[in-house]
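J.: I would like the atomic coordinates for the input below:
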Amino acid sequence: MNNQLSLSESMQQTLEVSNLEFVGDFGEIAIDSIINEAFLRDVPFIGTLVGAGKCIKNLYDAHFAKKLIAFLIPLKDTTPEERAKAISKWEKDENYRGRVGDTLIGMISRCDDAVKSVWLSKLFKELALKHNYSRLFMRAEKILSSLSVMDVQAFLNQSRNVYSYIRARDVEPYVGSGLYNNPKFRKPIDGNLDFDDQYCEVTEVGYWIYNVLNDIPADEIKSYDLLSVE
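T.: Residues are numbered from 1 along each chain as shown. A predicted model of the protein is given here:
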């Protein structure tokens, strides 16, 4: 338990004080090649995970370390001051109880792939750091953790013209995830309901996951007011 708490504290310290200049691109993550004195000094949570022996002890730790590093990649262009300010606001939210470091470690541990860790970080950067919508970010994380990487990618790969309003029969992989609302009937033209003509509308959280993870510029995002879901 103490090690977990130490790791979460180290994670928070990394976000609040590290400049993250050491973080490379996703394809460059190679655990064995980056663990050195300077790296352990600049990345407190990796130093905690690795320990005094300065080596990854097992495959689980190596996979977890890769996910932790992957989480930092989208945050490279943010400053420690920006991150520390956002974390402070999050922890002062009267609806939140705990430490951000604990929450993020738990979220990253639920990522079953380093790609998910990158997605999680992009959402954290956009919704928590830029806009201080931490509650929305936490709901988005629940969606990511409930779906497979392939299902999330299939959602993101949908055309911008069709993803927000899809047939109920096509929503099956996302049932209960929070990406789509319950199915509704289209207004019948002749007064008769067609039970095969049901559609599901994307939720506010699903809308923002789609736009943020597809890197759609903010000025092109014209629907759903975030303030309405906070």
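J.: mind checking which helix or strand the residue sitting nearest the centre point of the chain is in?
T.: For the chain, the residue nearest the mean C-alpha position is Leu120 (1.6 Å; CA atoms, centre = their mean). Using DSSP states H and E, the element containing Leu120 is helix 114-123.
J.: Which other helices and strands does that helix contact?
T.: helix 59-72, helix 100-110, helix 134-146, helix 149-157, helix 204-213 (3 or more CB pairs under 8 Å, 6 or more residues apart in numbering; DSSP states H and E). Glycine gets a C-beta too; all of them are placed from N, C-alpha and C.
J.: With respect to Tyr163, which of those helices lies nearest?
T.: helix 204-213 (5.9 Å; CB to CB).
J.: This structure - how does it break down into domains?
T.: According to automatic domain parsing, the chain is divided into the following domains: 2-146, 150-221.
J.: Lowest average pLDDT across the ones you listed?
T.: Mean pLDDT is lowest for domain 2-146 out of these, coming in at a mean of 77.
J.: quick one: contacts for Tyr180?
T.: Taking CB atoms under 8 Å, 6 or more residues apart in numbering, we find Tyr180 in contact with 166, 171, 174, 200-203, 206.
J.: Try it again at 7 Å.
T.: Tyr180 makes contacts with 171, 174, 200-203, 206, as judged by CB atoms under 7 Å, 6 or more residues apart in numbering.
J.: coming back round to it: so which of the helices and strands packed on helix 114-123 is the most packed in?
T.: Highest mean neighbour count among these (mean count of other CB atoms under 10 Å): helix 204-213, with a mean of 22.
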